[in-house]
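**Student:** mind looking at a prediction? Sequence and model below.
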Amino acid sequence: MNRTTLAAVVLAATASFNLSAATTISGSGATFPAPLYLRWAADFHKANPDTTVNYQGNGSGAGVQQFIAGITDFGGSDVAMKDEEISKAKHNVVLIPATAGTIVLAYNVPGVKSGLQLTRAAYIGILVGNIKNWNDRAIAKNNPGVSLPNLPITVVARADGSGTTAVFTGHCSEVSSEFKDKVGSGKSVTWPVGVAGKGNDGVTALIKSTPGAIGYVEFGYATSNKLNMASLQNKAGKFIVPSIESGSTTLASVHLPGDLRAFILDPNGANDYPIATFTWLLVHKQYADAAKAAAVKAFVNYGLTTGQATAPSLGYITLPETVVKQSLAALATVK
Amino acid sequence: MGGKSPTFGSSGIVAREYRPRPDFFRAACWLASWFTVILILLIVGTIVVRAWPAIQQFGFNFITGTQWTPNREKFGVLPVLIGTAASSLLALVLALPLGLAISIFLSENFLPPAVRQAIRFVVELLAAIPSVVYGLWGIFVVIPLVQQYGTLFCSKLGFIPFFQGPAYGNSLITASLVLALMVLPTITAISRSALVAVPPTLREASYALGGTRWETILGVILPTAAPGIVAATILAFGRAMGETMAVAMLIGNSQRLISSIFSPSNTLSALLANQFAEADGIQVSALMYAAALLVVLTLGVNMIGEAVLRYTQRNVAGLS
């Protein structure tokens, strides 16, 4: 090692030492995108060893509360913040769509594979308790050739409050006035029939262990657990197989307003999968700590650009380009 | 320490013992015991303060209401209260005969003391198994059993109230079966000490009057130990009511009024565990109200249990 390289190494070492005022940013919130955010955090840390990102999937509600209280540097939520929550955060908040996903109806019916076609009347009927058995005509008439057993239906729902429930019940209330009257929409509702489990994983476990069960879970959980998924009838009347593609089709037709809050209740497109949602990252407009602001911006920027490529492998939908553009523009306002 | 050098010899030691000085040990004990009292008051106080908006808004209707619908801001815990009471009572009905039989067996001399000691140890070890492990065991063992036999049971015995189908795997009976196992050590341990505390003179007197062992157990030992067994039952009831994790995993988490022991239900503690994280606004207060009810119930039941236990110990002590 000659003198110049040694000098260069020393110089490089001191330089990196100066830069590495190691920054840690932490966030919490929605469990729905948690696997993806954790992956982003790990990949981002690999590319930027000076910055560590922590994300705790403790639920959208908790995420919003901790973000407002200033406990976390950023939050995650499956439902866009309400106006009153934004004013509680003293309007010092920017909502950035980070990824998107679909919610599927998964079932465990012996002898029935994925792709059972459920009309709107059929799945709403099951959820409100009007359709009680798998051999009901309302299910059978759209599934010729499928031998449906004489088996009681067990509806599996979420026991905890959740963004997934909010999106799912939002859709159901939009398409059925009976559902709206009996159940309504929200993060935590009371179901007229069935059992409930905690978290997407709790619902998944219940569906797996209960013959005759049907329940709503996020697409990624359903695929990684190899659950059978129903094809749902969309507004145009077509049965759509849940997939990354059909979800992207839904999102492509969504126009996001200036504040980037949008609720997709019942998409119009002929090939749109009916139940999809964005999920948001909550960041401050103005950070007190410049290093944290830079780290948060760099991380979110990573997620919106490089990170989008990892989304499909985990069951999430890559954001449409227009949305990415809008998100990046919103991120640019963060100081 | 004072400046005087200690003088040895009997008179010197006596003089040192009587010298007044601050008793730090006593002060520390005094502080620690008051600290626990204050801690309980603080916990209850915080819960009531946080629950206050819901208490004002819903009042007594909270307890009699049958609808728990957070999305419509309607909160009534009657189905959950019934679920709490029903699951705990059912667990007691299942555990009491078994627990009592075990405690009688362990307090008599049927087996050599070493073997009895071993059995007692194993039963009490049940209390050391974490709740979540009971929950998992319930999911993998009890739920399939209830699914398999529940439907059969309902179709054959459906005419009896509370046995109507459809039978769910995650149901009241599933939670109760696992709870029964969880409270077994409480019942066994306290009942056994009550039985052992029965003065041997009573047993000897019974034998002397020609009583068989069976007659002695039923006619003398059990009645004498009865208050202790009652205390054991009440304390087990308190434990069953407060149990959270295993119940949340097994009971089905439905806030509907139960029609059958095979229906999914919910308990106060499971409701709190499930809904707290995502709650906001008035729902937080409503959950705090539910927590306050749970605290009142479990504290009440435990206090009654302790009172009965004390009463027993005093009475039995008087006999010997």
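**Tutor:** Happy to help now that I have it.

**Student:** domain assignment for chain A?
**Tutor:** Domain segmentation of chain A under automatic domain parsing yields A:3-101+A:258-263+A:276-331, A:102-249.

**Student:** weakest of those domains in terms of mean pLDDT?
**Tutor:** With a mean of 84, domain A:3-101+A:258-263+A:276-331 has the lowest mean pLDDT of the domains of chain A.

**Student:** so what's the gap between that one and the chain middle?
**Tutor:** 15 Å (Cα atoms, centre = their mean, to the nearest Å).

**Student:** what is the burial count for the residue nearest to residue B:270 when sequence neighbours are not counted?
**Tutor:** Of all residues not flanking residue B:270 in the chain, residue B:248 sits nearest, at 3.8 Å (Cβ to Cβ, 6 or more residues apart in numbering or on different chains). Where you see a C-beta, it was placed from the backbone N, CA and C, and this is true even at glycine. Applying other Cβ atoms under 10 Å in any protein chain shown, we find 28 residues neighbouring residue B:248.

**Student:** what helix or strand is residue B:248 on?
**Tutor:** Assigned by DSSP states H and E, residue B:248 belongs to helix B:245-250.

**Student:** for that helix, packing partners?
**Tutor:** helix B:131-137, helix B:172-196, helix B:268-275 (3 or more Cβ pairs under 8 Å, 6 or more residues apart in numbering or on different chains; DSSP states H and E).

**Student:** what angle sits between the helix or strand that comes right after the first one and helix B:172-196?
**Tutor:** Using DSSP H and E, the helix or strand that follows helix B:131-137 in sequence is helix B:143-157. Note on geometry: by axes from the mean of the first three to the mean of the last three Cα atoms, to 10 degrees, helix B:143-157 and helix B:172-196 are set 100 degrees apart in direction.

**Student:** now do the buried residues in helix B:143-157.
**Tutor:** Going by neighbour count (16 or more other Cβ atoms under 10 Å in any protein chain shown), the buried part of helix B:143-157 is B:143, B:146-147, B:150-151, B:153-154.

**Student:** what does stretch B:222-241 give?
**Tutor:** Under 16+ other Cβ under 10 Å, the buried positions of stretch B:222-241 are B:222, B:224-225, B:227-241.

**Student:** tell me the mean pLDDT for it?
**Tutor:** Taken as a whole, stretch B:222-241 has an average pLDDT of 91.

**Student:** mind exporting it as CSV, just the C-alpha atoms?
**Tutor:** C-alpha atoms of stretch B:222-241 as CSV (Å, rounded to 0.1, in the frame of the first residue of the first chain):
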residue,chain,number,x,y,z
LEU,B,222,-65.5,-32.2,52.9
PRO,B,223,-68.0,-30.3,55.0
THR,B,224,-65.2,-29.0,57.2
ALA,B,225,-63.1,-27.9,54.2
ALA,B,226,-66.1,-26.6,52.3
PRO,B,227,-65.5,-22.9,52.8
GLY,B,228,-61.9,-23.4,51.5
ILE,B,229,-63.2,-25.2,48.5
VAL,B,230,-65.7,-22.4,47.9
ALA,B,231,-62.9,-19.9,48.1
ALA,B,232,-60.9,-22.0,45.6
THR,B,233,-63.9,-22.0,43.2
ILE,B,234,-64.3,-18.2,43.5
LEU,B,235,-60.7,-17.5,42.9
ALA,B,236,-60.7,-19.8,39.9
PHE,B,237,-63.7,-17.9,38.6
GLY,B,238,-61.8,-14.7,38.9
ARG,B,239,-58.9,-16.2,37.1
ALA,B,240,-61.1,-17.5,34.3
MET,B,241,-62.8,-14.1,33.9
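
**Student:** so how far is the helix holding residue B:248 off the chain centroid?
**Tutor:** 16 Å.

**Student:** re earlier: please identify which of the domains of chain A is closest to chain B.
**Tutor:** The closest of those to chain B is domain A:102-249. By Cβ to the nearest Cβ, the value is 2.6 Å.

**Student:** state the distance from residue B:77 to chain A.
**Tutor:** Distance, residue B:77 to chain A, by Cβ to the nearest Cβ, to the nearest Å: 12 Å.

**Student:** ok, residue B:58 next?
**Tutor:** From residue B:58 to chain A the distance is 16 Å (Cβ to the nearest Cβ).

**Student:** tell me the pLDDT at that residue?
**Tutor:** At residue B:58, pLDDT is 92.

**Student:** OK, contacts around the closest residue to it other than its chain neighbours?
**Tutor:** Excluding its sequence neighbours, the residue lying closest to residue B:58 (Cβ to Cβ, 6+ apart) is residue B:75, at 5.9 Å. Listed by Cβ atoms under 8 Å, 6 or more residues apart in numbering or on different chains, the contact set of residue B:75 reads B:54, B:58, B:62, B:65, B:67-69, B:282-283, B:286, B:289.

**Student:** helices - which of the residues you listed land there?
**Tutor:** B:54, B:58, B:62, B:282-283, B:286, B:289 (DSSP state H).

**Student:** identify, from those residues, the entry nearest to residue A:96.
**Tutor:** Proximity of the ones in helices among the contacts of residue B:75 to residue A:96 (Cβ to Cβ) peaks at residue B:283, which lies at 26.8 Å.

**Student:** buried residues in stretch B:189-198?
**Tutor:** For stretch B:189-198, using 16+ other Cβ under 10 Å, the buried residues are B:189-195, B:197-198.

**Student:** also stretch A:310-319?
**Tutor:** A:310-312, A:314-319.

**Student:** just stretch A:24-36 next, same as before
**Tutor:** Neighbour counts over stretch A:24-36 (16+ other Cβ under 10 Å) mark A:25-36 as buried.
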